[in-house]
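>>> Could you look at this predicted model? Sequence included:
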There are 4 protein chains.
Amino acid sequence: MEEVEGISRLREEVARLHQELVRAGLVVWTGGNVSGRVPGRDLFVIKPSGVSYDELTAADLVLCDLDGNVVPGSEGCERAPSSDTAAHAYVYRHMPEVGGVVHTHSTHAVAWAARGEAIPCVITAMADEFGGPIPVGPLAIIGDDSIGRGIVDTLRGHRSRAVLMQGHGPFTIGVSAQEAVKAAVMLEDAARTVHVARQGGNIQELPAEMIDRLYDRYQNVYGQQTDDRR
Amino acid sequence: MEEVEGISRLREEVARLHQELVRAGLVVWTGGNVSGRVPGRDLFVIKPSGVSYDELTAADLVLCDLDGNVVPGSEGCERAPSSDTAAHAYVYRHMPEVGGVVHTHSTHAVAWAARGEAIPCVITAMADEFGGPIPVGPLAIIGDDSIGRGIVDTLRGHRSRAVLMQGHGPFTIGVSAQEAVKAAVMLEDAARTVHVARQGGNIQELPAEMIDRLYDRYQNVYGQQTDDRR
Amino acid sequence: MEEVEGISRLREEVARLHQELVRAGLVVWTGGNVSGRVPGRDLFVIKPSGVSYDELTAADLVLCDLDGNVVPGSEGCERAPSSDTAAHAYVYRHMPEVGGVVHTHSTHAVAWAARGEAIPCVITAMADEFGGPIPVGPLAIIGDDSIGRGIVDTLRGHRSRAVLMQGHGPFTIGVSAQEAVKAAVMLEDAARTVHVARQGGNIQELPAEMIDRLYDRYQNVYGQQTDDRR
Amino acid sequence: MEEVEGISRLREEVARLHQELVRAGLVVWTGGNVSGRVPGRDLFVIKPSGVSYDELTAADLVLCDLDGNVVPGSEGCERAPSSDTAAHAYVYRHMPEVGGVVHTHSTHAVAWAARGEAIPCVITAMADEFGGPIPVGPLAIIGDDSIGRGIVDTLRGHRSRAVLMQGHGPFTIGVSAQEAVKAAVMLEDAARTVHVARQGGNIQELPAEMIDRLYDRYQNVYGQQTDDRR
């Protein structure tokens, strides 16, 4: 019973977060997807393939196991899940700390990915959020585990919660679907800002020691999570 | 009777799709137009010339034959059809598989068209949707069949459902008006992304074999059209 | 009585058109202004100075004579008119065919103006609407007639209904306020598109003969103004 | 009693102004903040840390003294104030004429800040609003007074109400929170326009004497604040 309620709440949350992708201008047409792990279970919910953001409801989301198979008999199981489901599943299978995964083709992140170029950490907002540059993952073949493996191999042990898959686009992760969406939004913002900055002239990476301090502070004292004054 | 209902449904659909052009930011003022073929008939409906998107209703759309002549006595026949009607008619006349045509002056697609430069296929989203680069059509003289002929000569036998008419702008086609609008949206997205990518440095076309695999997969397994798991 | 109704209708129209500037993204905060000539009278209505677009109503507009003086006792006469009123008045005084004037600081038009560079006519949309390149007016001193004179000296006898005042920004004119707003919207669209086109590589002006044919056709057969088929 | 009403009105105003940041596209997710000084008191209200703009209400704002300490027992005092509170407090402490402070990571302003490059005054809109170029402040260490000191040292005695903190982003000030938000909006507009202008070719600063005249006129006669004709 509790689990049913947990999945139902997650569905509502993940459906709502898809609208955040639209609002932030990160997706067009039916592209992009958000998934969220069912707390304490080897399951996640994900966008169905090729469904319009206007029509997407919580009941449309597809419940999958960590091999990416649809759970038979579950709500929405008659729908095909996102064509990126295998990549999401791979991430959940190999990174137990991840509670949410997001994929978009947001313009500026894809532009860096098309060049296979990491985004240098030249502004404090990147240091705060990603703790350094945004790394590039491999040009992956479709139809096997290579996208998922590329994401995990790049992000495991890395501060960044975002990876630019070469020639393809960004994937972001988080402790929750909400945090993964936040990372996708902040990534596109950083990708656009650093692109514009460099078009106008020379840019310079922030000192490593400054990045460390900013990252540490933002991760630990930003927001409302503690009672300490910040 | 059935045909009347079919035309009526098509009018509603094509009127609605014009709003998608506005929402996607592909058109300004009264520019741009969508048409849709009446299923099984040598007729299509198209935007009237110079009418505001705010005011456009299903009843305003103009019913034309495949020579671009307004059907006398039909709903909306007192209105002049789009100044691009001859080009749409030429496409329907020569490409029986086409069910919808879209023309816009969307910023980045027009920018490539102004240079007469094909958009190289450097990202998987382009391989998925267009199966390769977006081709350029001729700088066409207005007032005869040369725009329509340029579209057909460029797109016939080509995977791409979009063509950049030199010095003018994009036309897209699809099996339905909806698919042609989708192609117009995805085209502008690709045109913008590849522009930004190249402004920032060198880009490289995806390997041909990879493009083939991506295109084949996307055309056959994306979305909800089959019962197979994907 | 008829005149009162005429002014009242014009106020409604000009108030509404200010919202089009907002919707098209041509203005920020209280910047920009639209004016419209009272048909058959040496009077025009214009935006009050420094008033927010959210709060602007038809009654707020200020009625001025062609020397730019507020008409005493008229509705809204307690408000100061736009700081650009003298320039609008000069245009109405010297170009009797003009029924509307618009001024904005829209991003891309101002960028060309900052360089004092005319926008070359490289796309058919510019040929249709402006009949050639968008010309540059002088870097004008504020506080006398030099802005108005610069607009009139540049646009008189020119096909273009838009001028880029150097170091300042665009002014557009039309037979009505609506047509002047249309020109402002199409200008920013052209300014952005040609900027993007040239950032990506070489561009080339359309042949003069082609521009003439496009301009002639668009001015005479586009839209719903005649009964002829087009 | 009067003071309670004054603070309540200020809370409403500052909450409303946060929505202006969203509307103008200057902020993403929970980034950015507005504060306003309580008239005649050594207190100000500021955004709580990490709270969504969708959920932000007047009651959520945090009341602080000029050392940046939350006023115990005040409305919203259970919330942590913005992580930029120390910088705002420093400004209020050292610039008694300032009634409002705004911080954003708006794209183009941050791009100039990333290069540590002042925005040259090449358009009349900048002369009007800022009276010259937008200056750059130091790359400041986080966690002490160095951001606030950098803002004050740069803006004190300067016409500009905006400073680009190197590697970080813009802060703007005003006699009220509304004026500081206006400066943030106009700054991003100028930063974007001058960036685009320079991408397209050479730009040139306006003559100093012209800047002085424009600034003087705009500050003294623009808007509805006097009874003089302008």
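Cool, got the structure.
>>> didn't residue A:196 look like it was pressed against residue D:106?
No. Counting by C-beta atoms under 8 Å, residue A:196 sits too far from residue D:106 to count as a contact (10.9 Å). Where C-beta positions appear, they are placed from N, C-alpha and C, glycine not excepted.
>>> what about those two, which has more around it?
residue D:106 (28 against 23; other C-beta atoms under 10 Å in any protein chain shown).
>>> Show me the shaky parts of chain A.
Within chain A, the ranges that satisfy pLDDT under 70 run A:1-2, A:143, A:225-230.
>>> Give me the most central residue, it.
residue A:172 (2.3 Å; C-alpha atoms, centre = their mean).
>>> Helix, strand or coil: sort out it for me.
On the three-state scheme (DSSP: H, G, I helix; E, B strand; the rest coil), residue A:172 is labelled strand.
>>> Do I have it right that it meets residue A:184?
Yes. Counting by C-beta under 8 Å, residue A:172 touches residue A:184, with 4.6 Å between them.
>>> Can you check which residues contact both of the two?
Counting by C-beta atoms under 8 Å, 6 or more residues apart in numbering or on different chains, the shared contacts of residue A:172 and residue A:184 are A:102, A:162.
>>> Quick check: phi and psi on the residue of chain A found nearest chain B?
Closest to chain B within chain A is residue A:50: 2.9 Å, counting by C-beta to the nearest C-beta. Backbone torsions of residue A:50, given as degrees, to the nearest 10, read phi 70, psi 20.
>>> again, but for the one 5 residues further on
Comment: the main-chain dihedrals of residue A:55 come out as phi -100, psi -10, following degrees, to the nearest 10.
>>> what number of residues lie near it?
8.
>>> and what of residue A:116?
Around residue A:116 there are 18 residues (other C-beta under 10 Å).
>>> Next, the contact list for it, please.
In this structure, residue A:116 makes contact with A:136, A:139, A:164, A:166-167, judged by C-beta under 8 Å, 6+ apart.
>>> I'd like those laid out as CSV, including secondary structure, neighbour count and distance to residue A:43.
Shown next, in CSV, are those (DSSP: H, G, I helix; E, B strand; the rest coil; neighbours: other C-beta atoms under 10 Å in any protein chain shown; distance: C-beta to C-beta, whole Å):
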residue, secondary structure, neighbour count, distance to residue A:43
A:136, strand, 20, 31
A:139, coil, 18, 30
A:164, strand, 28, 28
A:166, coil, 22, 30
A:167, coil, 27, 31
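>>> Tell me the one of these nearest chain D?
The nearest one, if we look at those relative to chain D and count by C-beta to the nearest C-beta, is residue A:164, at 18.5 Å.
>>> Identify the residues contacting residue A:145.
Counted by C-beta under 8 Å, 6+ apart, residue A:145 has contacts A:86, A:90.
>>> make it 6 Å
For residue A:145, the contacting residues are residue A:90, by C-beta atoms under 6 Å, 6 or more residues apart in numbering or on different chains.
>>> quick revisit: tell me who's in contact with the residue nearest to the centre of chain A.
For residue A:172, the contact set (C-beta under 6 Å, 6+ apart) comprises A:102, A:161-162, A:180, A:183-184.
>>> again, only using 10 Å
Residue A:172 is in contact with A:34, A:100-104, A:109, A:130, A:134, A:151, A:155, A:160-163, A:179-188, counting by C-beta atoms under 10 Å, 6 or more residues apart in numbering or on different chains.
>>> Show me the beta-bridge partners of it.
According to DSSP bridges, the partner residues bridging residue A:172 are residue A:102, residue A:162.
>>> if we can go back for a sec, could you check how many residues crowd around the residue of chain A closest to chain B?
Counted with other C-beta under 10 Å, the neighbours of residue A:50 add up to 19.
>>> What residue, apart from its backbone neighbours, is nearest it spatially?
Computed as C-beta to C-beta, 6 or more residues apart in numbering or on different chains, the closest residue to residue A:50 that is not its neighbour in sequence is residue B:223, at 2.9 Å.
>>> ends of stretch A:148-164, how far apart?
12 Å (C-alpha to C-alpha, to the nearest Å).
>>> ok, now stretch A:54-63?
With C-alpha to C-alpha as the measure, stretch A:54-63 spans 20 Å from end to end.
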